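# coords below, sequence missing:
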């Protein structure tokens, strides 16, 4: 783990404007140890791993982090991706359980750690913060329910189409209109819940049907409406 080498981050301003900590008072923000700035991690590094004890929240300041569980067969099942403003580890921090997921950097990241006892004191003293945390937990539970339903009822083709749309909506596009998040075929397969070979085949079919454009790991969405239809997405 190294300290960030790029431009300095106003961590206080970031926490107050872009995270679940936005409703903390000035005196509560003063309690967060932010003087040294966030810690920096490189692609492939882990922040914490499933089954380990963690003692606080991790707030993403920069980069993208994969949150996943490892199955009995050793394969990863990606739960979600954390991006700037997202927090990780709050369930285990609040309940006192061992970490139920692992976190791995897929795009160089800067992460701020907030001690668990401090977070618990905020929950007790600040109702708005507690409500924001409850809403976050409810949203993640809803996402988990949707994922279980998709696995049970949708085909792999439908799930891949839906995943591509969600990646676009979550991470937007770069200057060339490619998805800003770059994933390996294995990572995409773990996100969809299928074999890597199936994802490779379906991506090729989507390309032939002019739904997407591929350049290595980079993916460009060419027909969002058609992918939404294929994914049976109802919004």
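Now that the structure is in, tell me what you want to look at. Just so it is clear, the model here is predicted, and its values are computed rather than measured.
# and stretch 12-31, which residues are buried?
For stretch 12-31, burial by neighbour count (16 or more other CB atoms under 10 Å) applies to 14, 15, 19, 20, 21, 24, 28, 29. Bear in mind the C-beta positions are built from the backbone N, C-alpha and C, glycine included.
# for it, how far is the first residue from the last?
Stretch 12-31 stretches 11 Å from its first residue to its last (CA to CA, to the nearest Å).
# what does it contact?
For stretch 12-31, the external contacting residues (CB atoms under 8 Å, 6 or more residues apart in numbering) are 32, 34, 59, 61, 84-85, 87, 112, 114, 118, 122, 125-126, 128-129, 132-133, 136.
# could you redo the last one with a cut-off of 7 Å?
Contacts with stretch 12-31, where a contact means CB atoms under 7 Å, 6 or more residues apart in numbering, come from 32, 34, 59, 61, 84-85, 87, 118, 122, 126, 128-129, 132-133, 136.
# Among these, name the buried ones.
32, 34, 59, 61, 85, 87, 122, 126, 129, 132, 133.
# Test my guess that residue 207 contacts residue 214.
Yes - with contact defined as CB atoms under 7 Å, residue 207 counts as touching residue 214 (5.4 Å).
# need the next SSE after the host helix or strand of residue 65, C-terminal direction.
Secondary structure assigned from DSSP states H and E places residue 65 in strand 56-70. Downstream of strand 56-70, the next assigned helix or strand under DSSP H and E is strand 76-82.
# what's the distance between that next one and the middle of its chain?
Taking CA atoms, centre = their mean, to the nearest Å, the mean C-alpha location of strand 76-82 is offset from the chain mean by 7 Å.
# Can you name every helix or strand that the very next helix or strand once past that strand contacts?
Where DSSP H and E defines the elements, the next helix or strand beyond strand 76-82 is strand 87-88. Counting contacts by 3 or more CB pairs under 7 Å, 6 or more residues apart in numbering; DSSP states H and E, strand 87-88 is packed against strand 56-70.
# quick one: which of the buried ones among the contacts of stretch 12-31 is nearest to residue 76?
Closest approach to residue 76 among these (CB to CB): residue 87, at 21.0 Å.
# now the closest one, which residues is it bridged with?
residue 59 (DSSP bridges).
# Would you enumerate the residues in contact with it?
19, 20, 57, 58, 59.
# what's the burial count for the closest residue to the fourth one other than its chain neighbours?
Okay, so that is residue 58. Of all residues not flanking residue 58 in the chain, residue 88 sits nearest, at 4.5 Å (CB to CB, 6 or more residues apart in numbering). Residue 88 has 22 neighbouring residues, counting by other CB atoms under 10 Å.
# Show me the domain layout of this structure.
As assigned by automatic domain parsing, the chain contains the domains 11-126, 153-230.
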